[in-house]
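>>> only geometry, no sequence info:
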Ligand SMILES: [Zn+2]
Ligand SMILES: [Zn+2]
């Protein structure tokens, strides 16, 4: 890993995928966006800034640094099995993806964690920037869970770097508001989560919100019976977001950061009145 400029590789990958998907969204949008886009982009990219700062301050080692630390001490299953480095790296990229999928399911089903994660779902439209919109406390917990998984696996640093770059890229890809040829979608989603597949997860209908948890490989939802191919109302007819956060003012960065502290259903009651 020496000699690699890790932050630069990450930044280059992030900016390239963001630029490509944003251009694709303008060229071939899937849905007409309904919420104020400038505010959404300002807030969703603003939270990227907040999260980057929080992670750098709390975990200067980050995942890759932690993997190096763990491998110097021969922690985890990898050194125990003595598997070839390259093979173990591939296994770890896949295992980390399974772990992040399981974590996502957990964040939906444990009420205290759902309070954090629902901010991701409160976006009133879904586009490339929604893939970056996570509450800082969820990001901190994610990092801690990732440290545990890295230590248990004895994941090589290169596997963690590949996994993190892939996850960042696929998250932006599958949140994009892009229209893909049906056959391309069908082919890609045999392996990777497509925008049409992940959009179902952002449906306001709870029977759809708790399906399609994958961010990268599509296989985990299919294996767990949590896969839903298309939304009931179709991609144009479905509503995005959560019933309790329908007011566009909720898209402001300060409101987003406070959402975990809001009592459940407060917005829904206001709406009913
Ligand atoms: Zn979710
Ligand atoms: Zn999402």
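In hand now; what should we look at? The model shown is predicted, which means the values in this text are computed figures rather than measured ones. Ligands and ions are numbered 1, 2, ... in the order given.

>>> Got the confidence number for residue 6?
Looking at residue 6, its pLDDT stands at 84.

>>> burial measure for the nearest residue to it once chain neighbours are set aside, as a count.
Nearest residue to residue 6, sequence neighbours excluded (Cβ to Cβ, 6 or more residues apart in numbering): residue 64, at 6.0 Å. C-beta here means a position set from N, CA and C on the backbone, and glycine is covered the same way. Residue 64 has 23 neighbours, counted by other Cβ atoms under 10 Å.

>>> List the contacts of residue 64.
By Cβ atoms under 8 Å, 6 or more residues apart in numbering, the residues touching residue 64 are 1, 6, 157, 160, 161, 164.

>>> what's the helix or strand for the last one?
Element membership for residue 164 (DSSP states H and E) is helix 157-175.

>>> Please name every helix or strand in contact with that helix.
helix 6-27, helix 62-72, helix 85-109, helix 195-201 (3 or more Cβ pairs under 8 Å, 6 or more residues apart in numbering; DSSP states H and E).

>>> Next, the angle helix 62-72 makes with that helix.
150 degrees (axes from the mean of the first three to the mean of the last three Cα atoms, to 10 degrees).

>>> Would you check the distance separating helix 157-175 from the middle of the chain?
Relative to the chain's own centre, helix 157-175 is displaced by 10 Å; criterion: Cα atoms, centre = their mean, to the nearest Å.

>>> between it and helix 85-109, how big is the angle?
50 degrees.

>>> tell me the mean pLDDT over helix 157-175?
Per-residue scores along helix 157-175 average to 97.

>>> Next, the angle from it to helix 6-27.
Interaxial angle, helix 157-175 versus helix 6-27 (the same axes, to 10 degrees): 20 degrees.
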